[in-house]
Every structure is written in structure tokens, then in C-alpha cells.
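*Asks:* Quick check, what structure comes out for this input:
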Amino acid sequence: MVSHEVKINKLKAALHRAKNLEDTLKMAQGYNHIADFYKQLGLDSEALKNYHLAQELHVKKDTFFVYTTNNIASIHHDLKQYDHARHYLEQSIMVSENIQFSKGLAVANTLLGSVFEKQGDYKKALQYQEQSLKTFKILNDSTGLAVTYESIGSIYEDLGQFNVAYSYFKKAYNYERSYTSNLKINITNNLGDVNRKRKEYEKALSYTQQALELARKTKNSQQEESALKDLARTHADLGDFEAAYRYLSNQNIVKEQDLKHQNAELVSAMQVLYNVKESEAELALLGKQNQINKTRQYAILLFSTAMCLVFIVWLIYLKKRKKQEQKILKYKQKLLRADLDIKIAEEAALKREIDIKISALTNYSLSIAHKNKILSDVSRTLKNLKSRNGEFIKSKLEGLAKDIDLDLSNKDEWAELRSFFGQIHPDFFQNLKSKVLVELSSSELRLCMLLRLNLSSKEIASILHITPDSVRIARYRMRKKLPIDSKSDLQAYLLKL
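*Replies:* Residues are numbered from 1 along each chain as shown. Below you'll find the model as predicted:
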């Protein structure tokens with residue numbers, strides 16, 4: 001058991017080194033070696049688990065895959081799980097053919113033939129064994145040929161063709177060169193058994209006795225038990241029941257001893273497995289504890305770092321925010337200053353424009369008044385002259401006076417004057433109409449417009465081509481139509497509109 005523990009510990013150590021190096025190929029090989037070791041100990045479930053772990057790491061379909069798949073199939077074959085064995089062997093055959101791996105293909109065909117033999121399909125069993133035989137001949141693999149010839153002989157023995165079986169067992173015997181191997185002893189036992197069935201009792205006793213001696217020499221209890229059982233059968237067929245009973249008793253003793261030995265080996269193997277599992281559990285627990293400690297340290301460090309970063313980021317944010325707020329404040333102040341400057345400039349420009357328009361409007365009004373005065377004087381002079389001249393001059397002067405009077409009453413100039421006035425005071429007439437008690441006439445609206453321009457009664461009389469007394473009378477009448485008392489100044493009221 002100690003040697004087993006030493007070996008499994010070495011295999012585990014090699015696997016651990018491969019894991020540290022993160023070498024998947026060596027890791028797969030490590031699992032494969034451990035699986036081989038468990039298979040040798042008869043721990044089939046552990047062997048299967050490690051073979052599958054090896055295949056998970058090494059997914060490439062190559063000779064390594066074929067080797068592990070054949071071993072997996074072999075375990076299922078030994079466990080009499082023939083459908084599982086066929087499944088894996090078919091995969092192995094397909095991959096072996098694709099990569100032209102002759103040795104793996106031959107082994108797979110041999111195992112598949114054995115599966116069909118166990119299932120009673122001897123035709124397919126012979127078909128796959130013959131394919132395997134051809135490949136082993138090409139490879140000149142004597143051990144492979146010996147195994148295959150023995151398997152074919154076993155099939156023919158099951159079919160009752162003992163002479164054919166004997167010929168294949170004999171070929172297998174000749175190809176297996178080692179006289180102390182389990183295969184050689186098994187073939188020798190088969191030669192003795194098939195000769196017994198052929199009733200060649202002397203040959204049977206010779207081969208079986210030879211197998212017994214080889215088994216005892218190599219301490220192969222299973223083959224020794226098989227040889228003693230075959231000797232008992234042969235002597236029984238010869239009628240020597242005493243010898244048969246003696247060999248049968250010896251076989252039972254060997255069987256009992258072998259059973260004890262197997263149980264001891266199984267207990268030893270289970271103890272090794274238990275020790276390995278316990279060691280792995282302790283290592284896993286220690287690893288978890290270390291991982292938890294490291295995780296805790298990392299968490300503390302990460303939390304501290306995060307808090308520092310948050311504090312630093314917060315300070316930076318506050319500083320940037322303060323700078324940004326100062327920039328925004330300065331920018332707003334600049335915008336307000338710029339808006340103020342623009343409004344001041346606009347107001348100044350508007351004031352200049354209004355002053356210019358008012359000046360122009362006033363000049364235009366005075367020009368009209370001046371023109372009207374000149375035209376009025378000319379009209380009066382012409383009218384005075386008409387009584388002093390002849391009939392012809394009289395008619396001409398009357399026509400000229402009519403033209404001048406017509407020009408004095410021209411309304412286009414008033415429309416143009418009102419247009420200019422509307423540009424300066426756009427809401428004046430609307431506000432005035434909303435305040436009056438009685439609707440104003442067009443002449444009264446003109447009077448209001450001239451008063452709003454802050455013109456004197458004399459200037460208004462000249463523009464309207466009436467006397468100042470007429471202006472005073474018009475103002476008096478218009479006051480009655482406006483909501484103002486007798487003490488209020490009419491012109492001041494209109495200026496406020």
C-alpha cells in the first residue's frame with residue numbers, strides 16, 4: 001500500500017506542476033497516467049473519471065484521444081457495459097481512420113470484435129477481428145497478433161469449431177514470445193481446454209500442466225486457478241475422478257486465496273483512494289481558506305482604495321465645479337454687459353432715429369405751413385387783381401386762383417404726413433379712439449396729430465389753412481369729445497397718449 005501511495009503522490013505532484021505551468025498537454029497526460037494507475041488497481045470509476053478529464057483538456061482528435069478512448073471502452077467492456085464500449089470504440093475507429101493511426105485502429109477493432117462476441121454476434125465479431133489481424137500483420141506487431149489470434153480462436157471455440165479454434169490458439173501461442181506473460185499462460189490454458197474438447201486428452205494435460213507451472217512460477221493465481229479447473233475437467237473426462245477431485249480441491253483453495261488476495265488488494269486500493277481524497281480535500285480546504293483570506297485582504301484594500309479615489313474625485317469635482325461656476329458667472333456677467341451695451345446702443349439709435357423723424361416731421365409740417373402761407377398770399381393777391389383788369393385777365397386769374405386753392409386742399413400731403421406720424425407714434429390713433437366719448441372727424445384727427453407734434457395754434461392754423469380763432473374753436477369742440485376736465489390741458493393729455 002505504501003508503494004501505491006508513493007506512486008499516486010508522484011503522479012499527483014506531476015499533475016500539480018503541470019497546472020502551475022498552465023500546460024494543458026502535460027495536464028492531460030497527468031490525468032491519463034493517474035487513470036492508468038487506477039485502472040491497474042481495479043478502481044474503474046476513478047479511472048474513467050480521470051480519462052474523461054484528460055479528454056476535456058486535450059480536445060484535439062489525435063493519437064492521445066484514440067489511446068484514452070480505447071482505454072475507456074476497455075473498462076466498459078470489463079464492466080459488461082457493451083453498448084457504452086461500442087459507442088467509444090466507434091469514435092476511436094473513426095478518428096484512427098481519419099489520422100491514419102494504424103495501431104489505435106487495430107486495438108479498437110480487436111476490442112469491438114470482443115464486444116460483439118460477448119453479445120453473441122459472432123459474424124461481426126470475426127469481421128472486426130479479421131480487420132485487426134490485417135493491421136497487426138502490416139505493423140508486424142507480434143503481441144497484437146497473439147491477442148487477435150487468441151480472440152478469433154475463442155470465437156470459433158464458442159461456435160463449437162474446436163479444430164479451427166485450436167489452429168488459431170496455436171498461432172497465438174507462437175506469436176507471443178514471452179513465456180511468463182499473462183497472455184502466454186492464458187493462450188496455453190486455452191490450448192489445453194480446446195484439446196480437451198477435441199478429446200485430445202494427452203495434449204490437453206500437457207498444455208494445461210505447462211500453464212499451471214508457468215502460473216505458479218509467476219504467482220499468477222487467476223491463471224493457476226484456471227489451469228487447476230481445466231485439469232480437473234480433463235481427468236474427469238478420462239474417468240480419473242480422484243485426480244479430478246484433487247485438482248478441484250486445489251482450485252478451490254487457490255480461488256479462496258485469490259479471493260482473499262483480491263479483497264486485500266481492493267481494500268488497499270480503497271485505502272489509497274481514501275488517503276488521496278482526504279489529502280485533496282485538505283489541500284482544497286487550505287486553498288479555499290487561503291483564497292478567502294486573500295479575497296478579504298483584496299476586498300479591504302480595494303475598499304480603502306475606492307474610498308480614497310472617491311474622496312479625491314469628490315475634491316476634484318468640487319474644485320472643477322467651483323471653477324466652472326466662476327466661469328459661468330463671469331460669462332453671464334459678460335452676457336449681461338453685452339446685452340446692456342446692445343440695448344443702450346439700440347435705445348440710442350432708436351432715439352436718434354426718432355429725433356430725426358420728429359425733426360423731419362416737424363420740418364415737413366412747417367414746410368407745408370410755409371407753402372400754404374405763400375400759396376394763400378398769392379391767391380389773395382390774384383383775387384385782388386382780378387377787379388382791376390380786363391375780362392380776359394379776370395378769367396385767367398380766376399382759373400389760377402382755383403388751381404392754387406385746389407392744391408391747398410390736396411389730401412396726399414396729409415396722407416404722407418400721417419404715414420410719417422404713424423412710424424413715430426404707431427399706437428397713438430388706436431389709443432385715442434379707445435378714449436374718445438364721441439367719434440372724431442377726420443379734421444379733428446388731424447388737429448390731434450398736430451397737437452401731439454407739440455405745434456402751436458398759429459403753426460396749426462397755417463398748416464390747416466384756417467385762422468387761429470378757428471383753431472381755438474376746433475380745440476374747444478374736440479375737448480368735449482375727450483374724457484378730460486376743463487382744467488386739464490388738451491395738448492398735455494394728447495402728449496401722454
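*Asks:* who does the helix or strand harbouring residue 109 touch, helix- and strand-wise?
*Replies:* Here residue 109 sits within helix 102-118, counting by DSSP states H and E. Applying 3 or more Cβ pairs under 8 Å, 6 or more residues apart in numbering; DSSP states H and E, we find helix 102-118 packed against helix 63-78, helix 82-99, helix 122-139, helix 142-158. For glycine as for every other residue, the C-beta is placed from the backbone atoms N, C-alpha and C.
*Asks:* looking at the ones you listed, which is closest to residue 342?
*Replies:* helix 63-78 (85.3 Å; Cβ to Cβ).
*Asks:* Just after the helix-or-strand element of the chain with minimal mean pLDDT, pick out the following helix or strand.
*Replies:* In the chain, no helix or strand scores lower on mean pLDDT, DSSP states H and E than helix 391-408, which sits at a mean of 66. Proceeding N to C from helix 391-408, the next assigned helix or strand is helix 412-424, under DSSP H and E.
*Asks:* Quick check: what element follows that following helix along the chain?
*Replies:* Taking DSSP H and E, what comes next after helix 412-424 is helix 428-435.
*Asks:* Can you give me the buried ones in that next one?
*Replies:* Across helix 428-435, burial judged by 16 or more other Cβ atoms under 10 Å covers 428, 429, 432.
*Asks:* C-alpha coordinates for it, PDB please?
*Replies:* The C-alpha coordinates for helix 428-435 follow below in PDB (Å, rounded to 0.1, in the frame of the first residue of the first chain):
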ATOM      1  CA  PHE A 428     -51.500 106.900 -31.000                       C
ATOM      2  CA  PHE A 429     -54.700 106.800 -33.100                       C
ATOM      3  CA  GLN A 430     -55.700 103.400 -31.600                       C
ATOM      4  CA  ASN A 431     -55.300 104.700 -28.100                       C
ATOM      5  CA  LEU A 432     -57.100 107.900 -29.000                       C
ATOM      6  CA  LYS A 433     -60.100 106.100 -30.500                       C
ATOM      7  CA  SER A 434     -60.300 103.900 -27.300                       C
ATOM      8  CA  LYS A 435     -60.500 107.000 -25.100                       C
END
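*Asks:* So which residues of the chain form strands?
*Replies:* Applying DSSP state E to the chain gives no strands.
*Asks:* Any regions of it where pLDDT drops low?
*Replies:* The model of the chain has pLDDT under 70 over residues 1-2, 261-287, 345, 348-397, 400, 403-412.
*Asks:* Tell me how it divides into domains.
*Replies:* The chain breaks down by automatic domain parsing into domains covering 2-293, 425-497.
*Asks:* Check the ones you listed for me and report the most buried one.
*Replies:* Greatest average neighbour count among the domains of the chain goes to domain 2-293 (a mean of 18), per mean count of other Cβ atoms under 10 Å.
*Asks:* Off-centre distance for that one?
*Replies:* Averaging C-alpha positions (Cα atoms, centre = their mean, to the nearest Å) puts domain 2-293 49 Å from its chain's average.
*Asks:* ok, residue 172 touching residue 150?
*Replies:* Yes. Between residue 172 and residue 150 there is a contact under Cβ atoms under 8 Å: 4.0 Å.
*Asks:* Now do the shared contacts for those two.
*Replies:* Common contacts of residue 172 and residue 150 (Cβ atoms under 8 Å, 6 or more residues apart in numbering): 187, 190.
*Asks:* Any chance of JSON lines for the domains of the chain, columns distance to residue 326?
*Replies:* Below are the domains of the chain laid out as JSON lines (distance: least, Cβ to Cβ, whole Å):
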{"stretch": "domain 2-293", "distance to residue 326": "50"}
{"stretch": "domain 425-497", "distance to residue 326": "45"}
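*Asks:* Now do the helix holding residue 109: everything it contacts.
*Replies:* Applying Cβ under 8 Å, 6+ apart, the set of residues contacting helix 102-118 from outside is 63, 66-67, 69-70, 73-74, 77, 80, 82, 85-86, 89-90, 92-93, 95-97, 122, 124-129, 131-132, 135-136, 138-139, 141, 144, 147-148, 151, 154-155, 158.
*Asks:* mind exporting it as CSV, just the C-alpha atoms?
*Replies:* What follows is helix 102-118, C-alpha atoms only, in CSV (Å, rounded to 0.1, in the frame of the first residue of the first chain):
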residue,chain,number,x,y,z
SER,A,102,-3.0,2.0,-37.5
LYS,A,103,-2.1,0.8,-34.0
GLY,A,104,-5.0,2.5,-32.4
LEU,A,105,-7.3,1.3,-35.2
ALA,A,106,-6.2,-2.3,-34.7
VAL,A,107,-6.7,-2.2,-30.9
ALA,A,108,-10.2,-0.7,-31.3
ASN,A,109,-11.2,-3.3,-33.9
THR,A,110,-10.0,-6.1,-31.5
LEU,A,111,-12.0,-4.7,-28.6
LEU,A,112,-15.1,-4.1,-30.8
GLY,A,113,-14.8,-7.7,-32.0
SER,A,114,-14.7,-8.9,-28.4
VAL,A,115,-17.8,-6.8,-27.6
PHE,A,116,-19.7,-8.4,-30.5
GLU,A,117,-18.5,-11.8,-29.3
LYS,A,118,-19.9,-11.2,-25.8
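*Asks:* That helix versus helix 142-158: what angle between them?
*Replies:* Using axes from the mean of the first three to the mean of the last three Cα atoms, to 10 degrees, the direction of helix 102-118 lies 20 degrees away from that of helix 142-158.
*Asks:* ok and helix 102-118 relative to helix 63-78, angle-wise?
*Replies:* 20 degrees.
*Asks:* check contacts around residue 218.
*Replies:* Contacts here follow Cβ under 8 Å, 6+ apart; on that basis residue 218 touches 180, 182, 185.
*Asks:* out of these, which one sits closest to residue 415?
*Replies:* For those, the nearest to residue 415 is residue 182 (136.0 Å; Cβ to Cβ).
*Asks:* quick one, phi/psi of the closest residue to that closest one other than its chain neighbours?
*Replies:* Among residues not flanking residue 182 along the chain, residue 220 sits closest, at 6.2 Å (Cβ to Cβ, 6 or more residues apart in numbering). Dihedral angles of residue 220 (phi, psi; degrees, to the nearest 10) stand at phi -100, psi 90.
*Asks:* Tell me which residues touch residue 220, please.
*Replies:* Per Cβ under 8 Å, 6+ apart, neighbours of residue 220: 182, 185, 214.
*Asks:* Now intersect those residues with the helices, please.
*Replies:* 182, 185, 214 (DSSP state H).
*Asks:* Would you reformat those as JSON lines and include distance to residue 497?
*Replies:* Converted to JSON lines, those look like this (distance: Cβ to Cβ, whole Å):
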{"residue": "182", "distance to residue 497": "132"}
{"residue": "185", "distance to residue 497": "138"}
{"residue": "214", "distance to residue 497": "142"}
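*Asks:* Identify, from those, the entry nearest to residue 441.
*Replies:* residue 182 (143.6 Å).
*Asks:* Tell me if I'm right that the closest one and residue 221 touch.
*Replies:* No. Contact criterion Cβ under 8 Å: residue 182 and residue 221 do not qualify, at 11.3 Å.
*Asks:* quick one: the residue lying closest to residue 97 once chain neighbours are set aside and residue 90, what's the gap?
*Replies:* Nearest residue to residue 97 in three dimensions, chain neighbours excluded: residue 105, at 6.4 Å (Cβ to Cβ, 6+ apart). Distance of residue 105 to residue 90, computed by Cβ to Cβ, to the nearest Å: 12 Å.
*Asks:* do residue 167 as well
*Replies:* The gap separating residue 167 from residue 90 is 30 Å, by Cβ to Cβ.
*Asks:* Could you do residue 315 as well?
*Replies:* Applying Cβ to Cβ, the value for residue 315 to residue 90 is 70 Å.
*Asks:* residues touching residue 234, list them.
*Replies:* So residue 234 contacts 192, 196, 201, 204, 205, 208 (Cβ under 8 Å, 6+ apart).
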